[in-house]
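# Sharing a sequence plus its predicted fold:
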Amino acid sequence: MNEKETESKSSAINEKEAEHMSSGMNKREGTPKSSAMDEKEAEHKIVKVTLRGTLVNLLLIMLKFAAGILGSSAAMLADAVHSVSDLLTDIIVLIFVKMGLRPKDKNHDYGHGKFETLCTVLIGLALFFIGLMICYNGAKMSLNAFQGEVLERPGYIALVAAIVSMVLKEWCYRFTIRTSRETHSPALAANAWHHRSDALSSLGTTIGIGGAILLGEKWRVLDPITAMIVSFFILRVAYFLVKTAIGELLEESLPDDLEDEIIKMASMEENVTDVHHLMTRRIGRNIAIEMHIRVPGDLSVTLAHLHATNIENKLKEKYGQSTHVGIHIEPIEEKETDVEN
């Protein structure tokens, strides 16, 4: 049999194999299902959860300012300011998530997901500013107390408001972080941690106000000292939020364990002998994956493309249909195949 007949026969076999493989895949798998919810559902959930948190924040702002003024509590007033920042970040989340979930267009081939990342940076910076302000005010009042100034005794209304705030804000954290994991929204996750930082703030305020009320005049300094301690928790949360978001804006790769999982999934595809030049990044609530795969050089273009499509479908099933997947196919020459065998 001459060389042309051999190539023709090999091509025919590959085409039949590709057709059989494609048919088998359709029967077994059908249309790939996304492990993540669609954009409309995600947007609805994010808005619903954020509005619920907004209502809680409005209630707490009025309660805390009233309790802080009537109960003469610096810690409670600091907590009230923190709740105002929560309300502002709720508004930021609603605006930026709406922008981030807009579909791809002519000028944005990868979508608008970076708006959510930018939103996370703004929330982190707001938290950082609030933390510094609370720390400064607490330090100033503590210094005045140690220099002999008698601080006013906080009222019981401030203590009750602190306890109510702690319970409500922890509740807000729990339902917000749960939805952020369901929707893979970094902005919503940042807002959840803002709720948690407010809950920690209220916990510290409860301890400080309770101590100042129950332990006597000398212990009233616990109120501003507690405000300072709380501010360090807030600054820590702000640091990690900004650090993570800036990493995403600078195209930081996904964690090693996630990249290893991606390589393993691609390597399991039939005829794929090597996966290399893997590049990953996060685009808001979605991820982008690009890689090179090596397949035998005698495979037809149709069959090689089908293998790449199988890998793409598996990755989208795992990480969501909005995942960007780019696969470059490289042939292995016969000599290389013989060496490997």
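In hand now; what should we look at?

# gap between residue 252 and residue 282?
To residue 282, residue 252 is 8 Å away according to C-beta to C-beta, to the nearest Å. The C-beta positions use only the backbone N, C-alpha and C, and glycine is treated the same way.

# Those two: which has the busier surroundings?
Higher neighbour count among residue 252 and residue 282: residue 282, with 23 against 13, using other C-beta atoms under 10 Å.

# give me the beta-bridge partners of that one?
Beta-bridge partners recorded for residue 282 (DSSP bridges): residue 287.

# tell me the contacts of residue 111?
102, 103, 104, 283, 284, 286, 322 (C-beta atoms under 8 Å, 6 or more residues apart in numbering).

# if you set the cut-off to 6 Å instead, what comes out?
The contact partners of residue 111, by C-beta atoms under 6 Å, 6 or more residues apart in numbering, come to residue 104.

# Please read off the pLDDT at it from the model.
pLDDT recorded at residue 111 is 70.

# and it, which of the three is it?
coil (DSSP: H, G, I helix; E, B strand; the rest coil).

# Give me the neighbour count for residue 103.
Neighbour count for residue 103, taken as other C-beta under 10 Å: 9.

# for it, helix, strand, or coil?
coil.

# Next up, phi/psi of it, please.
phi -70, psi 170 (degrees, to the nearest 10).

# Relative to residue 179, how far out is it?
Taken as C-beta to C-beta, the span from residue 103 to residue 179 is 21 Å.

# Any figure for the gap between residue 159 and residue 133?
Distance from residue 159 to residue 133, by C-beta to C-beta: 23 Å.

# actually residue 54, sorry about that
Applying C-beta to C-beta, the value for residue 54 to residue 133 is 22 Å.

# Ok, residue 312 next?
Distance of residue 312 to residue 133, computed by C-beta to C-beta: 49 Å.

# And residue 227, by the same measure?
In this view, residue 227 and residue 133 are 10 Å apart by C-beta to C-beta.

# residue ranges for the helices of the protein, please.
Counting by DSSP state H, the chain has helices at residues 3-29, 39-70, 74-100, 114-146, 156-183, 186-214, 222-249, 256-267, 301-319, 334-340.

# most neighbours per residue, which of these?
helix 186-214 (a mean of 25; mean count of other C-beta atoms under 10 Å).

# Pull the distance from it to the chain's centre.
Here the centre of helix 186-214 is set off from its chain's centre by 21 Å, with C-alpha atoms, centre = their mean, to the nearest Å.

# Quick one: mean pLDDT for it?
81.

# tell me what it is packed against?
helix 74-100, helix 114-146, helix 156-183, helix 222-249 (3 or more C-beta pairs under 6 Å, 6 or more residues apart in numbering; DSSP states H and E).

# Tell me the bridge partners for the residue nearest to residue 278 when sequence neighbours are not counted.
The shortest distance from residue 278 to any non-neighbouring residue, by C-beta to C-beta, 6 or more residues apart in numbering, is to residue 291 (4.7 Å). In this entry, residue 291 is beta-bridged to residue 327, by DSSP bridges.

# Contacts only, for residue 291.
By C-beta under 6 Å, 6+ apart, the neighbours of residue 291 are 275, 278, 327.

# Relative to residue 272, how far out is the last one?
Okay, so that is residue 327. 10 Å.

# Residue 328 now?
Residue 328 is 12 Å from residue 272, by C-beta to C-beta.

# out of these two, which sits in the more crowded spot?
residue 272 (20 against 12).

# Please report phi then psi for the more buried one.
Here is the backbone geometry of residue 272 (degrees, to the nearest 10): phi -90, psi 120.

# Touching, it and residue 292? I think so.
No. With contact defined as C-beta atoms under 6 Å, residue 272 does not count as touching residue 292 (10.6 Å).

# Listing request: residues of the stretch 1-150 of the chain with sub-threshold pLDDT.
Along the stretch 1-150 of the chain, the model assigns pLDDT under 70 to residues 1-39, 75, 100-101, 109, 150.

# now do 80
1-43, 72-79, 81-86, 88-89, 92-116, 119, 145, 148-150 (pLDDT under 80).

# Now do the contacts for residue 201.
Going by C-beta under 6 Å, 6+ apart, residue 201 touches 79, 82, 230.

# For it, which non-adjacent residue is closest in space?
residue 230 (4.5 Å).

# Distance of the one you found relative to residue 160?
Taken as C-beta to C-beta, the span from residue 230 to residue 160 is 18 Å.

# so who does the residue nearest the centre of the chain touch?
When C-alpha atoms, centre = their mean is applied to the chain, the residue found nearest the centroid is residue 186 (2.6 Å). Listed by C-beta under 6 Å, 6+ apart, the contact set of residue 186 reads 116, 120.

# Next: the one 5 residues further on.
The neighbours of residue 191, taking C-beta under 6 Å, 6+ apart as the test, are 89, 93.

# got the contacts of residue 291 as CSV, with neighbour count and pLDDT columns?
Formatted as CSV, the contacts of residue 291 follow (neighbours: other C-beta atoms under 10 Å; pLDDT from 0 to 100):
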residue, neighbour count, pLDDT
275, 19, 92
278, 17, 94
327, 19, 93
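
# Adding distance to residue 59, write the residues you listed out as a markdown table.
Below are the contacts of residue 291 laid out as a markdown table (distance: C-beta to C-beta, whole Å):
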| residue | distance to residue 59 |
| --- | --- |
| 275 | 53 |
| 278 | 48 |
| 327 | 51 |
